[in-house]
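**Q** prediction below, plus the sequence it came from.
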Amino acid sequence: MDRIIFFDTTLRDGEQSPGASLTSNAKLTIAKQLALLGVDVIEAGFPVASEDDAKAVEIIGKHVSGPVICALARCVTKDIEIALKSLETARKPRLHLFLATSEIHRKFKLAKAKDEIIRIAREMVKFSKKFIDDIEFSPEDATRTEPDFLLEVCRTVVDEGVRTVNIPDTVGYAVPEEYGNLINYLKNNLPDNVVISVHCHNDLGLAVANSLTAIKNGARQVECTINGIGERAGNASLEEIAMNLIVRKKYYNVDVGLKTTHIYRTSKLVSSLTGIPVQPNKAIVGDNAFRHESGIHQDGVLKYRQTYEIMHPKMVGIPESTLVLGKHSGRHALKLRLKSLGINVDDESLNKIFEQFKKLADKKKEINDMDLLVLAEQETLPAVEPVYQLEYFHIVSGSSTLPSATVRIRKKDKIIEDASLGDGPVDALYKAIDRIVKLSPKLNDYKISAISSGKDAQGEVAVSLVIDGITVAGKGISTDIIEASAKAYLHAINQYFIRRTITKKKYRGA
Ligand code: KIV
Ligand code: ZN
């Protein structure tokens, strides 16, 4: 009981982040990475929300072994039946039922009295239990529910065979001490074989602190997301909870089964597939998390690392940029280096990465670990057939000429070319692309960052566009920032076409 069960909900609550929408293929890619990271439970989706959500649960159940695969359902028979159907492929399936219990939800959302809530909870667990053994129950908005009523709901579902009760701080209202006391109260009043789970939102920036205090008070499952993404201000961040429990093991005195060296790569993958960037000062995985700027700090770290570092970047899989590979390196060296970064590839993927590696090595003398991570990440991106692909571009720009761009794009078997003038080279490029794709995207955000070091570093361009009211994000990587800009723009446009085909009813509450 002193091992913390990591329940990852990146693919369900995380995907409810504004602007994030993952295809079932993208979800499968992330789920495979979560399995490598060693999470215990993957909440793969909310099957009643859309056909693609149901498909995601089904294919993750089929292709991902190791973790328990969980699907969310309201306490409604239709939801439960659809969730159970999606879970049929899973070796270790779990059904996650939720029903709001707080006074405010009972009165304004459900229009139901306390006894009705108890009746529905009991009946729906009883009904589900006929088909599945592992059931988790969440009294939604638990932290604003009267504690004695919350206990009554929990006892009711436990009597019907629920073994995991999750106590969500749905609106991020809890304070650590108060939440810890609530968990302690439930722990003391529920049978010992019931696992108490916690699920915290970050509206007041306390999701991680609340989760940790709950663990200190007896919670043994923690629900969290990679990079802390999720509804509104997000959910508790997996990497922050994990590293707190590990770095301060003597204080928390619990075990964590995660392979933390996969944290960084998982963070990068989630960011790249959701299009949600990681803030530079984000604990554990932010670009600055292990950077020392001030002279005094640098001097201290050089003399003895621990003077200013409480954990080694290697613990979370941040590569140390040892420059070892170049254009003369072979496939074998590449494979070994990837392996040391925690990336195990089959021969087919290795060949593809090697091809890209050679191209990059022609442009860049030394390939560092960060470059390799980027290449591997691109290879692991799910194969979504892009509508538009960049074939060629040519830019004319200078202090005495009006910038112009000529762009050639492939759409299936067709090549389309157009040109435009612009206020700058990127503006001209984007205007030429707009003419080809016949759309008028609004460029909301455009960011360039160097993702490896040196004058010939790879640059990453991230854009956010609004097309027909839909917000889409795109990323492009190249040693040439104009090319990276074009790739990012087209990536976002392709996302728009994918998104248009996924008619997604997002969860808006029971
Ligand atoms: O925040 C919440 O209450 C939820 C439940 C569905 C567990 O996400
Ligand atoms: Zn939630």
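**A** Happy to help now that I have it. Ligands and ions are numbered 1, 2, ... in the order given.
**Q** A361 versus the spatially most distant residue from the centre of the chain, what's the distance?
**A** What lies farthest from the middle of the chain is S400; by C-alpha atoms, centre = their mean that is 45.6 Å. Distance from S400 to A361, counting by C-beta to C-beta, to the nearest Å: 36 Å. Where you see a C-beta, it was placed from the backbone N, CA and C, and this is true even at glycine.
**Q** for I310, same thing?
**A** Taking C-beta to C-beta, one finds I310 at 36 Å from A361.
**Q** the more surrounded of those two?
**A** More crowded of I310 and A361, by other C-beta atoms under 10 Å: A361, with 17 against 8.
**Q** touching, that one and L334? I think so.
**A** No. Between A361 and L334 there is no contact under C-beta atoms under 8 Å: 10.1 Å.
**Q** A488 reaches A462, doesn't it?
**A** Yes. Counting by C-beta under 8 Å, A488 does reach A462; the two are 6.2 Å apart.
**Q** touching both of these two, which residues are there?
**A** 474-475 (C-beta atoms under 8 Å, 6 or more residues apart in numbering).
**Q** what does the stretch 51-200 of the chain put close to ligand 1?
**A** Within the stretch 51-200 of the chain, the positions near ligand 1 by C-beta under 6 Å from any ligand atom are 98, 138, 140, 166, 168, 170, 199.
**Q** any idea how far the nearest residue to K487 once chain neighbours are set aside lies from N494?
**A** Nearest residue to K487, sequence neighbours excluded (C-beta to C-beta, 6 or more residues apart in numbering): G476, at 2.8 Å. Taking C-beta to C-beta as the criterion, G476 is separated from N494 by 11 Å.
**Q** and the two? Which one has more around it.
**A** Neighbour count, other C-beta under 10 Å: between G476 and N494, G476 has more, with 22 against 19.
**Q** what's whichever residue of the stretch 251-400 of the chain sits closest to ligand 1 in contact with, if anything?
**A** Residue nearest to ligand 1 within the stretch 251-400 of the chain (C-beta to the nearest ligand atom): T274, separated by 17.2 Å. When contacts are counted by C-beta under 8 Å, 6+ apart, T274 touches 14-15, 17, 19-20, 22, 229, 473.
**Q** make it 7 Å
**A** 17, 20, 22, 229 (C-beta atoms under 7 Å, 6 or more residues apart in numbering).
**Q** let me see the backbone angles for the residue farthest from the centre of the chain.
**A** Taking degrees, to the nearest 10, you get phi -120, psi 10 for the backbone angles of S400.
**Q** touching, H199 and E223? I think so.
**A** Yes. Counting by C-beta atoms under 7 Å, H199 touches E223, with 3.9 Å between them.
**Q** please enumerate the shared neighbours of the two.
**A** With C-beta under 7 Å, 6+ apart, H199 and E223 have common neighbours N166.
**Q** where along the stretch 1-150 of the chain do the strands fall?
**A** In the stretch 1-150 of the chain, the strands defined using DSSP state E, counting those that start in this stretch lie at 3-8, 41-45, 68-74, 93-100, 135-140.
**Q** just name the most buried of those strands.
**A** strand 41-45 (a mean of 29; mean count of other C-beta atoms under 10 Å).
**Q** and it, which strands flank it?
**A** strand 3-8 (parallel), strand 68-74 (parallel) (DSSP bridges).
**Q** residues near S340, how many?
**A** So S340, with other C-beta under 10 Å, has 13 neighbours.
**Q** could you check how far it is from A333?
**A** As judged by C-beta to C-beta, S340 and A333 stand 11 Å apart.
**Q** returning to that earlier point: for the residue farthest from the centre of the chain, give its distance to L429.
**A** The value you get for S400 to L429, if C-beta to C-beta is used, is 20 Å.
**Q** ok so S404 is a helix residue?
**A** No. Going by DSSP: H, G, I helix; E, B strand; the rest coil, the assignment for S404 is strand, not a helix.
**Q** got the contact list for V125?
**A** V125 neighbours (C-beta under 7 Å, 6+ apart): 97, 135, 137, 157, 160-162.
**Q** ok, 10 Å please
**A** 75, 80, 95, 97, 99, 135, 137, 156-162 (C-beta atoms under 10 Å, 6 or more residues apart in numbering).
**Q** quick one: distance of the host helix or strand of L490 to the chain centre.
**A** Using DSSP states H and E, L490 falls within helix 481-501. In terms of C-alpha atoms, centre = their mean, to the nearest Å, the centre of helix 481-501 is set 20 Å apart from its chain centre.
**Q** and that helix, what does it pack against?
**A** Where contact means 3 or more C-beta pairs under 10 Å, 6 or more residues apart in numbering; DSSP states H and E, helix 481-501 is packed against strand 388-398, strand 401-411, helix 425-437, strand 442-450, strand 459-467, strand 470-478.
**Q** rounded mean pLDDT for that helix, please.
**A** Helix 481-501 carries an average pLDDT of 87.
**Q** next: stretch 287-294.
**A** 80.
**Q** same check, this time on stretch 317-325
**A** 66.
**Q** domains in the chain, by residue range?
**A** 2-274, 291-377, 388-509 (automatic domain parsing).
**Q** let me know how buried the closest residue to V466 other than its chain neighbours is, in neighbour terms.
**A** Take V466 and drop its neighbours on the chain: the residue closest to it by C-beta to C-beta, 6+ apart is K442, 4.4 Å away. Neighbour count for K442, taken as other C-beta under 10 Å: 10.
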